[in-house]
Each structure stands twice: as C-alpha cells, then as structure tokens.
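Asks: what's the 3D shape of this:
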Amino acid sequence: MRWGLLRHGDFRRLWLADALSQFGDRINLLAVPLLAAITLHATAFQLSVLRTLETLAYLLLALQVGAWTDRMRKRRVLVAADLGRAVAFGSVPVAAAFGALTMPQLYAVVAVAGVLSVFFEVAHRTYLPSLVARSQLVEGNARLQANVSVAAVSAPGLSGWLVQLFGGATAVGVNAVSFLWSAVWLRRIRAPDRVPPARARAPLRHEIADGLRFVFRHPVLRAIGAHDVCVSVCQQFQITVAALFLLREVHLSPGVIGLLQAGGLTGAVLGSAVARGLGRRFGEARLMWSSALVWGAGYLMIPLTTPGWGLAWYPVGNFLTGVSIVVLNVHQLSYRQAVTPERLQGRVAATSSFLYFAPGPIGSVLAGVLASVVGLRGTLWLAGAGVAASALWLVCSPLRRMRRLPEAYEEERTGSHAT
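Replies: Okay, here's the model as predicted:
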C-alpha cells in the first residue's frame, strides 16, 4: 500500500481534520432542508431563501476575506471558523429540544455559518502549499478530495436515516460535533503558523484588485472563473430543489432519499482514486474540459427520475457528476495553487471562491421562482442544460490546445502564457 503524503505528519493531521468535517458538511447538506421541509413545513421558496443565506457571505465578503487572510495566520483562522460553526449548528438541537426551533433561527444559523465558512474556505485552500512541496500539490488535493468523496457516499444515507429515526435537529447536531473534531486536529499541526512576511500595506481595495487582476489576465484562470460563475447559478437549481423533488414528486422517504444519493455519489470516490492516474495518462488539461462535459451529461439525467425503474436515472446521473466534479476540482485547484505567487495565494483563492459561490444566492432565489413557474422537474432540466452549456468556457479556452499542466506551470511562473 502506498501511503504517500499520509506519512507526512502535518498533512496527515490536516487530512484527519478535513475528514470528519467533510462528513458533517454532507450530513448538513441534506439534513437542513429536510428539517425545514418536514419539521417546519417549509415551502420551496423558503428552502431557496435558506440556501441563499448559506452562500450570501461569499457574495458580500469573499474578496475582502482573501485580502485579510493574506495578512493572517492561516491555521488560527481555520480553528476559529470551526469553533464558531460548532456553536452555530449546536444551537439547533438545543432549540429543538425545548420546542423553540423556528425558520428565523434556522435562517440565522446558516447565515452565521456561511460567514465563517468563507473564512475557512479561503484559508483552507491556501494552507496546503505551506505544508507540502508544490510537486506534491496534486497528491495532496487528491487526498483531500477523497475525503469529500467518501463523505459524499456515506453521509447522505446516514443523514437520511438520522432524520427519519431521530429528527433533523439531531442530524444537524452531528455536524456541530464534526467541526469540533476538525478544530482539535488542526491545533495539533506542528508546523509553525507563520505570519505572512511584512510588506507595505496597500488600501484594501487595491489588494483585492491585485487578486482580481491576476485571475482575469491569466487566460486559463479566466476561463475557469467564467465556467465557475455559470455553473454556480445552474448548480444551485439542482441543490435547492433536488431533495424536495424526490420527497414530493417521486414520493420517497428521507431514508430512501439518503440511500439513493449515497449510491449515486460513489462516483466521487472513484474520481478521487483515479484523478492522478488519468491525469498522467491522458493529460491534466484534457481532463479539465472533458470532465466539465461529463458533469453536464450527469445533470441532464437527474430530471429523468421517476418512481419504479426510473429511479435508476438519479444514481447514474449522480455517479457521472461525482466522478467529473472531483477530477475537475483536483486538477483545477492544483493548477491554480501552482501558478499563483505566494503573496497572492489568499486573494486568488478568494477570487476563485467568489466567482464560484457568489452567484449562488442568485441561483437559489431563481430556483424558488422557477419551481413555482415550471415545477420542480422543469427546474432540474434547466439546471442540467445550464451546467452542460457552461462547459464551453473550458472547451474553448487554451486548455483545449494543452495536454499536460506541469509544463504550463513553469511557463506561467516566468510570465509567459504560452500553451
């Protein structure tokens, strides 16, 4: 068995911190809307508001957070964000135990957690290059993506049964515990949590502009950003209404919904296992744009789901989606980390997070409107068509003429954008 980076003590601690945290996040992704729909009788529009508040902080704060984290100790930011989210989500089962849980509280919890998630996401995406060599970034990101994949497979099934047997509030409480686990392991990392090198502080808006300028002047990062903006809106259509679609139109129980999603998301585990090997064999650049096309194909299968044998469309579509998203993310993230100067890591990561997450609230609100106009199934068809069309940004970019990314890293570090 090849342990690779898992022999690296500090990376192993980061990996363990990430593992259960990802598991809790995946529980939350299903448990919160089911809690709102079943316990609090939320409508499709209320679920869209809930999802909007989860991602609104990326629209309002992501760029500022990128500039701030370039000035801060990354591990300290990660630990504080984990502890804050543990408190926020821990309030849900406490309120439910006293019969005091309401939709306004749930709105407040996801909004606060959303702000903390922005800080965590930006710091997390820029922390790995400070722990491992750049030649190890693809392996490191693949192993972290494996956590996402395993959580994607196992958590929905557990989440559905936790909701069915113990209620949605208990499932949300499990998520709170996962953040405490993450904080404990992050605190055990031994590498110095360095303060970024002192430099002349420009006004915040100028530092934010530096990150934006770097992304938009870089032909590959610009194409990735455009793809992220478009796919973000369309993906929110699916995320917002999928659970409600399976609950109310396909007439499944929460436990079956969880199992159905878990069965389909086995593709994510496969994606994390094969991402590096496929990159070496076929070329990382080719995988990036071809994975985007497969993602669109998977999404177009989901609205074909019907009771009976038609249920098979959902796990098959999710399988293709899981494989393609993980393969795309591993190489996309490794590429960005490698071509970005150290002093800009936080701002470039924040710009990328902003481009991906900031359109989310727009997509969530549109999902609520579309669900009332074209129905839940029609909204899922629009999601699939939009994700498939978004792939054209990558297909038509310089990636289409590349094969391997490592050679591009060296060229772009020296200032050339040759492909």
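
Asks: Please make it C-alpha for all contacts and neighbour counts, starting now.
Replies: Noted.

Asks: So which bits of the host helix or strand of residue 227 are buried?
Replies: Using DSSP states H and E, residue 227 sits in helix 219-248. The neighbour-count check on helix 219-248 (16 or more other Cα atoms under 10 Å) flags 219-247 as buried.

Asks: now swap in stretch 384-394 and tell me
Replies: 384, 386-388, 390-394.

Asks: of all those residues, which two lie farthest apart?
Replies: 384 and 394 (16.9 Å; Cα to Cα).

Asks: So residue 132 versus residue 7, what's the distance?
Replies: Per Cα to Cα, to the nearest Å, residue 132 is found 12 Å from residue 7.

Asks: before we move on, what about residue 167?
Replies: For residue 167, the distance to residue 7 - Cα to Cα - is 40 Å.

Asks: Just want to know which of those two has more residues nearby.
Replies: residue 167 (20 against 10; other Cα atoms under 10 Å).

Asks: Number of residues surrounding the residue nearest to the more buried one when sequence neighbours are not counted?
Replies: Of all residues not flanking residue 167 in the chain, residue 35 sits nearest, at 7.3 Å (Cα to Cα, 6 or more residues apart in numbering). As a burial measure, residue 35 scores 23 neighbours (other Cα under 10 Å).

Asks: Please work out which residues outside stretch 371-380 touch it.
Replies: Stretch 371-380 is contacted from outside by 44, 237-238, 241-242, 244-245, 300, 302-303, 367, 370, using Cα atoms under 8 Å, 6 or more residues apart in numbering.

Asks: What average pLDDT does that stretch get?
Replies: Averaging pLDDT along stretch 371-380 gives 90.

Asks: Dump that stretch to PDB, keeping only the CA atoms.
Replies: C-alpha atoms of stretch 371-380 as PDB (Å, rounded to 0.1, in the frame of the first residue of the first chain):
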ATOM      1  CA  ALA A 371     -40.000  25.900  -9.100                       C
ATOM      2  CA  SER A 372     -43.300  27.800  -8.900                       C
ATOM      3  CA  VAL A 373     -43.300  28.600 -12.600                       C
ATOM      4  CA  VAL A 374     -42.000  25.400 -14.400                       C
ATOM      5  CA  GLY A 375     -42.200  23.000 -11.500                       C
ATOM      6  CA  LEU A 376     -39.500  21.000  -9.700                       C
ATOM      7  CA  ARG A 377     -38.700  18.700 -12.600                       C
ATOM      8  CA  GLY A 378     -38.600  21.700 -15.000                       C
ATOM      9  CA  THR A 379     -36.100  23.400 -12.700                       C
ATOM     10  CA  LEU A 380     -33.900  20.300 -12.800                       C
END
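
Asks: Buried residues of it, list them for me.
Replies: Going by neighbour count (16+ other Cα under 10 Å), the buried part of stretch 371-380 is 371, 375-377, 379-380.

Asks: Show me which of the residues you listed is closest to residue 191.
Replies: The closest of the buried residues of stretch 371-380 to residue 191 turns out to be residue 380 (Cα to Cα; 45.5 Å).

Asks: how much distance is there from the strand or helix carrying that closest one to the middle of the chain?
Replies: Assigned by DSSP H and E, residue 380 belongs to helix 360-390. Centre-to-centre, helix 360-390 and its host chain are 19 Å apart (Cα atoms, centre = their mean, to the nearest Å).

Asks: Convert the C-alpha atoms of the next helix or strand after that helix to PDB, please.
Replies: Remark: after helix 360-390, the chain's next helix or strand is helix 392-395, criterion DSSP H and E. Extracted in PDB, the C-alpha atoms of helix 392-395 (Å, rounded to 0.1, in the frame of the first residue of the first chain):
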ATOM      1  CA  LEU A 392     -18.000  25.500 -23.300                       C
ATOM      2  CA  TRP A 393     -15.900  28.100 -21.400                       C
ATOM      3  CA  LEU A 394     -13.300  25.400 -20.800                       C
ATOM      4  CA  VAL A 395     -13.600  23.700 -24.100                       C
END
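
Asks: who touches helix 392-395?
Replies: Counting by Cα under 8 Å, 6+ apart, 223-224, 226-227, 288-290, 292, 400 sit against helix 392-395.

Asks: quick one: buried residues of the strand or helix carrying residue 23?
Replies: For residue 23, the host element (DSSP H and E) is helix 9-34. Neighbour counts over helix 9-34 (16+ other Cα under 10 Å) mark 10-34 as buried.

Asks: do the same with stretch 304-324
Replies: Judged by neighbour count (16+ other Cα under 10 Å), stretch 304-324 contains these buried residues: 304-306, 311-324.

Asks: Report the separation between the closest residue to residue 226 other than its chain neighbours and residue 399.
Replies: With sequence-adjacent residues excluded and distances taken as Cα to Cα, 6+ apart, residue 226 is closest to residue 393, at 6.6 Å. Using Cα to Cα, residue 393 is found at 10 Å from residue 399.

Asks: quick one, strands of this structure?
Replies: Here the chain has no strands by DSSP state E.
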